[in-house]
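Asker: Sharing a model that was predicted from the sequence below.
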Amino acid sequence: MKHKTTEIVDATIQMYADLQEIAGLISRVLAKFPAETVPQILRPFLGLPSVAFARPSMTGDGKITLQLDRRTQPYVMAWIPGEWLMMQESQLTAAVREMYWSEKAHLAHRELIRLGKVIGEHNRQVEHHRVRASEARREYDRLAASIRRRSARKSRAAEEDSDD
């Protein structure tokens, strides 16, 4: 029984060492990108955090929840896909980069949609103002023509009065 306990403790220590190595690799990969561009899901890995606690997902989705000690703030919760445990360093580096870029693409797509809506609203307002300006221009032209006709009638009436 003591031998079995020793094996479990050794396996747990090895698992934490592996998780620490993975967290360090993720941190090193992310260090190559500007910190402000790192997606929220990967931010806990910035600054070489140490793994304080780990547990498998309670929902069975294959994610491993990590509690990271970032030294500058209280513990931060993060997760990694379970398949990352089986990857070699180059595969893990590629997976982190792919997650970074897919998150960036997702955020960029959401921003494009938002900007499309803003542009659409702006175009509606421009069209509304164009229609209002056109109506105002027609009203101005109508009033100006009315004033010219009235002025012309007064001029003719004044000329007829002076002729008499």
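Answerer: Okay, I see it.

Asker: and the worst-scoring helix or strand of the chain on mean pLDDT, which residues are buried?
Answerer: Counting by mean pLDDT, DSSP states H and E, the chain has its least confident helix or strand at strand 50-56, which shows a mean of 80. By 16 or more other C-beta atoms under 10 Å, the buried positions in strand 50-56 come out as 51, 54. Placement of C-beta: from N, CA and C, glycine included.

Asker: where does the top helix by length along the chain sit relative to the chain's centre, distance-wise?
Answerer: Determined from DSSP state H, the single longest helix within the chain is helix 89-163. Between the centre of helix 89-163 and the centre of its chain there are 28 Å (C-alpha atoms, centre = their mean, to the nearest Å).

Asker: Show residues contacting the least confident helix or strand of the chain.
Answerer: For strand 50-56, the external contacting residues (C-beta atoms under 8 Å, 6 or more residues apart in numbering) are 15-16, 19-20, 23, 64-69, 75, 82.

Asker: Quick one: list the elements packing against the longest helix of the chain.
Answerer: Helices and strands touching helix 89-163, by 3 or more C-beta pairs under 8 Å, 6 or more residues apart in numbering; DSSP states H and E, are helix 2-30.

Asker: again, 10 Å this time
Answerer: helix 2-30, strand 76-81 (3 or more C-beta pairs under 10 Å, 6 or more residues apart in numbering; DSSP states H and E).

Asker: Return the most buried member of those.
Answerer: strand 76-81 (a mean of 17; mean count of other C-beta atoms under 10 Å).

Asker: Now do it: distance to the chain's middle.
Answerer: On C-alpha atoms, centre = their mean, the centre of strand 76-81 falls 20 Å from that of its chain.
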